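>>> Return atomic coordinates for the entry below.
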Amino acid sequence: MPHLWSIERNLPPKLNILVALLIGTDCSQALMPRETISGADGLPFAIKTLFGWTLCGQVSECNHVQHVHTTALSKEEHNLSRISQNDMKFLELLNDGLTKLENGSVSLSLPLKEEPQLPNNKIQAEKRFEQLLKRFRKDEAYKAEYCTFIKELISDNHAELAPSNIKDKETWYIPHFGVYHPKKKKLRIVFDASAKHMGKSHNELLLTGPDQMNNLVGILLRFRQNTIALSCDVQKMFHNFIVAPEHRNFLRFLWIDDATEQIVEYRMTRHLFGATSSPGVATFAL
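Here you go, the predicted structure:
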């Protein structure tokens, strides 16, 4: 229906699952309309609530329940029923946006909840960056470690100079700061994906995806099966997965050009430490 085409991409897929929870009208915060789209009299209309878009109205000529039946779920069906519609959308977006490159690397898009409409938060990023520069002037050791980290990020192609021609394109600037590991005494740069500007943040744009981790009980049982057990850690795990080029403008940050000492814009080419979607993206890619 033409009047609903604009939200077609944001509608969840149809799932044949059991209803697990009914929300009553006494829970007004959950059901309160945020947006509505209506058509001509008698046509279905759309309501956006806290949980996303919902279609209301007649969808066929039959509006009467003919019969009700119950059935038992297999283990696979039961596991599927535990996946939410947002989780299904997360998996669908990653499947559609995954590209295997010639060098063996994997590129994945950001699992966006919907097409974002963002305010310009560059002013916020500039203020946070000015605070960082003040810290640099007070602490030369901190500055040296920080600069080394960012230079490695750029030399490893985990970050790139951001293009200047971004007119009519959605962008987002992510502030960053340094924290020392309590045991290693090593500076780690954190991208503040939760920083809000005019009620928006980078993390709020993203789907987190389903829990894809192995069950802890199963891990402990398998750990006892043989004489020797091995474990390993993936270094800079999230940085092993490339962000699709069309989504890199959501990962912009400010830095200083070594030659001119002017503030320039970079953008991440790898998934962020600090983004809520990164654990799910990395586990999916593995």
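>>> contacts, neighbours, all on C-alpha from now
OK.
>>> What does the pLDDT read for His125?
Careful, residue 125 is Ala and not His. pLDDT for Ala125: 94.
>>> Let me know the helix or strand that it is in.
helix 122-138 (DSSP states H and E).
>>> who's in contact with that helix?
Applying C-alpha atoms under 8 Å, 6 or more residues apart in numbering, the contact partners of helix 122-138 are Tyr142, Lys143, Trp172, Tyr173, Ile174, Pro175, His176, Phe177, His197, Phe253, Leu254.
>>> Look up which residues are beta-bridged to Glu160.
Glu160 forms beta bridges with Arg267, as assigned by DSSP bridges.
>>> Break this structure into its domains for me.
The chain is divided into the following domains under automatic domain parsing: 2-82, 99-285.
>>> quick revisit: now the contacts of helix 122-138: which count as buried?
Neighbour-count burial (16 or more other C-alpha atoms under 10 Å) is assigned, among the contacts of helix 122-138, to Tyr142, Lys143, Trp172, Tyr173, Ile174, Pro175, His176, His197, Phe253, Leu254.
>>> With adjacent residues omitted, what lies nearest to Ile256?
Ile263 (4.6 Å; C-alpha to C-alpha, 6 or more residues apart in numbering).
>>> who's in contact with that neighbour?
Leu254, Trp255, Ile256, Asp257 are the contacts of Ile263 under C-alpha under 8 Å, 6+ apart.
>>> How about Phe149?
Applying C-alpha under 8 Å, 6+ apart to Phe149 gives the contacts Arg188, Ile189.
>>> Check which helix or strand it maps to.
Applying DSSP H and E, one finds Phe149 within helix 140-155.
>>> Distance of Lys260 relative to Tyr146?
Actually, residue 260 is Thr rather than Lys. 18 Å (C-alpha to C-alpha, to the nearest Å).
>>> Good, we can wrap up now.
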